[in-house]
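Trainee: Fold the following for me, if possible:
(2 chains)
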Number of protein chains: 2
Amino acid sequence: MFEQIISAIKPLDTEAMEKCQLRLDNLTKPLNSLQAFETLARQLAGITGVPRPRDLPKSIIIMAGDHGVAAEIGAYPEQTTTEKIATYCQSGAAINVFAEHVAADLVLVDIGVATDLPLSPLVRHEKLAYGTKNIVRQLAMTREQVLRAIETGIKIAREETNKGSRVIGLGEISIANDISSLAIIACYSSKTLAELTGQVNEIADECLNRKIHVLETALSVNCPDKDNPLDILMKLGGLEIAGLVGVILGAAAGGAAVVLDGLASSAAALIAVKMAPQVKDYLVGSHFSGEPAHKEALEIINVPAYLYLDLYLGEGTGAALGMSLINASLHVLNDMKTFGEAEVAVAQDGPGALKQSKDIKN
Amino acid sequence: MFEQIISAIKPLDTEAMEKCQLRLDNLTKPLNSLQAFETLARQLAGITGVPRPRDLPKSIIIMAGDHGVAAEIGAYPEQTTTEKIATYCQSGAAINVFAEHVAADLVLVDIGVATDLPLSPLVRHEKLAYGTKNIVRQLAMTREQVLRAIETGIKIAREETNKGSRVIGLGEISIANDISSLAIIACYSSKTLAELTGQVNEIADECLNRKIHVLETALSVNCPDKDNPLDILMKLGGLEIAGLVGVILGAAAGGAAVVLDGLASSAAALIAVKMAPQVKDYLVGSHFSGEPAHKEALEIINVPAYLYLDLYLGEGTGAALGMSLINASLHVLNDMKTFGEAEVAVAQDGPGALKQSKDIKN
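Mentor: Presented below is the predicted three-dimensional model:
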């Protein structure tokens, strides 16, 4: 499946990366002393094929969808998804503020919200279902829904890259997609559900016990084929997670870096990397949510998180903050001087120098 | 000592903080879901006495000084300090780029560079000595030098707060001040020098063994009085570290938040907190350098780091990045809508709503 888009994901441009590294090594600083920024700058050079990329257009694609399994944990009503989207449409949500902060365009996609949304030019109406089915009883989605959700993600990512976007952030608006994300990550991890959910004491936390029980049931009822990412996605995933898988593939095929957000985006990245291992080179980490499963997923795909802010808002807020690190890394690459440019040899005994010993008691 | 400035450091304005919290709790997001940003916004409200602070003027004060102990580890020549300052004066250093990124003013202070610098309007010439003495043999500084270095920091911080600055970042340009910083942190830690330096295997790393030996010697030769922060500073510190202690005290007394940088700034913060415990409320963490001693110092003063970027450049680059988190937190506070402002009750069945079932196969 998706052979065409996967084959369009090219290896990074090593020549551009080498030229970029040469400049980084010549900047007026100790070698590699701005480590993460240098890694990011080099990666962006490889993705864009430009040794010294700057002012890269950015988009954040937010997939919104609901989960049948929400009923099992009953923490938030599905109404919340609708309210969040309404706030977003009034530019009052956190992600509106964060996206403006980093000058990123926003695209919000209703790929599977459980309610009908008012038509709005600020929402891409691509609804494939009114939420997923409850995974403690059955498959989350049909195979056709998974494929269409991925295609939708690819399509929207390609629209953004065709418009010039070279950095694409992942976001989601969804209630209970932590359950789906955990279930997906559990398929690829050797850790127990207790470890992945951070259960410390099984007597102490009724809510966490409930979550683990739901996960155990979902995994045993659905029996995902762990060698088949699409099977895992169909049985345990969410429409918005499948949509994000498509965004990752489409962005990479379109030559854009993909900035991860929290748990759901890392579950999507796991699936995408299993489908197309070369996509890994396009992934950029952002924040760490504090959830052990997020840490595990990032470790499996080997992408570091840089920001430890205990955010658990979603919407792509972490991805937006990751973009600000990309901005900083491109400032370093472009605006710092090289030793050659700086002519650091100071005319120390020239006419500008003045002994300052008058004021010194040593 | 410094009773006057210390008594000018007021407790945070709890009324402003409560009003700020009220707004944060009413923003259209789950309670506390932007955790670190909410903590920062509330702290800024308490420091400034304004429930909804915005557009706070920012300064980064960089203290430059050399260390006699550099000779013991011989990694970099002192020339490097001079070169770094020359690059800074040409706006080509990393901190120039980072400060511009966050719209912070820069003040670079020669408080103890070992060479004579050319006079420059971009450098505050406040040299108190040509570097410190070699602490494996004797005191780093005289008592008078320590006091004058702290006074210099206070004076410069107060100049910035008097000009309106409400966020002050700490920076340093210095070679081998990791030795001084480690020695200071060791005085307040129960951890061993091997633990603080991250020594894993004492056979493997000759350079680290040398550093630990230098630290052991410096501590045993100087016998610092661990109950006396000024004694520790005089015996083991650097002129730039003492200057930063003054900056911390002066900034807090002037009603400005103090953004930490790397290891040296955390050693200065340890000393400042011992001198004036209430200063703790003014401190804002930024990056974690990866050095175990940095982690230990931050844990002792109980200030979290947010950015894990493996930076080890100094100059205040981490503080500048911390300022960008403050900017983001004030964006959240000011630009996100409250539930009241957003009127999130959507007229879901009103004229704008449209059933989207046409496109759905479920």
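
Trainee: where does the nearest residue to residue A:133 once chain neighbours are set aside land in three-state SS?
Mentor: Nearest residue to residue A:133, sequence neighbours excluded (Cβ to Cβ, 6 or more residues apart in numbering or on different chains): residue A:68, at 4.6 Å. All C-beta spots, glycine's among them, are computed from the backbone N, C-alpha and C. When classified by DSSP: H, G, I helix; E, B strand; the rest coil, residue A:68 comes out as coil.

Trainee: now swap in residue A:64 and tell me
Mentor: Of the three states, residue A:64 takes strand under three-state DSSP.

Trainee: ok now do the closest residue in space to it that isn't next to it in sequence, which residues does it touch?
Mentor: Among residues not flanking residue A:64 along the chain, residue A:173 sits closest, at 4.1 Å (Cβ to Cβ, 6+ apart). Contacts for residue A:173 (Cβ atoms under 8 Å, 6 or more residues apart in numbering or on different chains) come out as A:62, A:63, A:64, A:81, A:84, A:85, A:88, A:108, A:240, A:314, A:315.

Trainee: Inside helices: which ones of these?
Mentor: A:81, A:84, A:85, A:88, A:240 (DSSP state H).

Trainee: show me what contacts the first one?
Mentor: By Cβ under 8 Å, 6+ apart, residue A:81 lies in contact with A:64, A:65, A:66, A:113, A:114, A:115, A:173, A:174, A:175.

Trainee: Correct me if wrong: the first one contacts residue A:241.
Mentor: No: judged on Cβ atoms under 8 Å, residue A:64 makes no contact with residue A:241 at a distance of 11.7 Å.

Trainee: which residues do these two both contact?
Mentor: Common neighbours of residue A:64 and residue A:241 (Cβ under 8 Å, 6+ apart) are residue A:172.

Trainee: out of the two, which sits in the more crowded spot?
Mentor: The residue with more neighbours, out of residue A:64 and residue A:241, is residue A:241; 34 against 28, by other Cβ atoms under 10 Å in any protein chain shown.

Trainee: residue contacts, the more buried one?
Mentor: If you count contacts by Cβ under 8 Å, 6+ apart, residue A:241 has them with A:63, A:65, A:172, A:177, A:180, A:181, A:184, A:233, A:264, A:267, A:268, A:271.

Trainee: can you give me the strands for the stretch 51-200 of chain A?
Mentor: A:58-65, A:104-112, A:123-125, A:167-173 (DSSP state E, counting those that start in this stretch).

Trainee: Tabulate the ones you listed in a markdown table, adding columns for mean pLDDT.
Mentor: Below are these laid out as a markdown table (pLDDT from 0 to 100):
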| stretch | mean pLDDT |
| --- | --- |
| strand A:58-65 | 98 |
| strand A:104-112 | 98 |
| strand A:123-125 | 97 |
| strand A:167-173 | 97 |
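
Trainee: which bits of the stretch 1-150 of chain A sit near chain B?
Mentor: Neighbours of chain B within the stretch 1-150 of chain A, by Cβ under 8 Å from any Cβ of the partner chain: A:27-30, A:33-37, A:82-84, A:86-87, A:90-94, A:96-98, A:100-101, A:110, A:115-120, A:125-130, A:142, A:144-145.

Trainee: buried set for stretch A:42-62?
Mentor: Within stretch A:42-62, the residues that count as buried by 16 or more other Cβ atoms under 10 Å in any protein chain shown are A:42-48, A:50-51, A:53, A:56-62.

Trainee: my bad, stretch A:276-288
Mentor: A:276, A:279, A:282, A:283, A:284, A:285, A:286, A:287, A:288.

Trainee: Pull the distance from the lowest-mean-pLDDT helix or strand in chain A to the chain's centre.
Mentor: One helix or strand of chain A scores below all others by mean pLDDT, DSSP states H and E: helix A:339-342, with a mean of 77. How far helix A:339-342 lies from its chain's middle: 36 Å, per Cα atoms, centre = their mean, to the nearest Å.

Trainee: can you give me the helices in the stretch 51-200 of chain A?
Mentor: In the stretch 51-200 of chain A, the helices defined using DSSP state H, counting those that start in this stretch lie at A:70-73, A:79-89, A:94-101, A:143-162, A:177-188, A:193-197.

Trainee: Return the most buried member of the ones you listed.
Mentor: helix A:177-188 (a mean of 26; mean count of other Cβ atoms under 10 Å in any protein chain shown).

Trainee: Residues contacting it, please?
Mentor: Residues from elsewhere that reach helix A:177-188 (Cβ under 8 Å, 6+ apart): A:65, A:67, A:69-70, A:72-73, A:132, A:135, A:140, A:193, A:196-197, A:211, A:214-215, A:218-219, A:224, A:226, A:232-233, A:236-238, A:240-241, A:263-264, A:266-267, A:270-271, A:274, A:291, A:293, A:296-297, A:300.

Trainee: Filter these down to the buried ones.
Mentor: Neighbour-count burial (16+ other Cβ under 10 Å) applied to these gives A:65, A:67, A:69-70, A:72-73, A:132, A:135, A:140, A:193, A:196-197, A:211, A:214-215, A:218-219, A:224, A:232-233, A:236-238, A:240-241, A:263-264, A:266-267, A:270-271, A:274, A:291, A:293, A:296-297, A:300.

Trainee: list the contacts for residue A:215?
Mentor: Each residue near residue A:215 by Cβ under 8 Å, 6+ apart is listed here: A:179, A:182, A:183, A:186, A:193, A:197.

Trainee: let's see it at 6 Å
Mentor: Residue A:215 is in contact with A:182, A:183, A:193, counting by Cβ atoms under 6 Å, 6 or more residues apart in numbering or on different chains.
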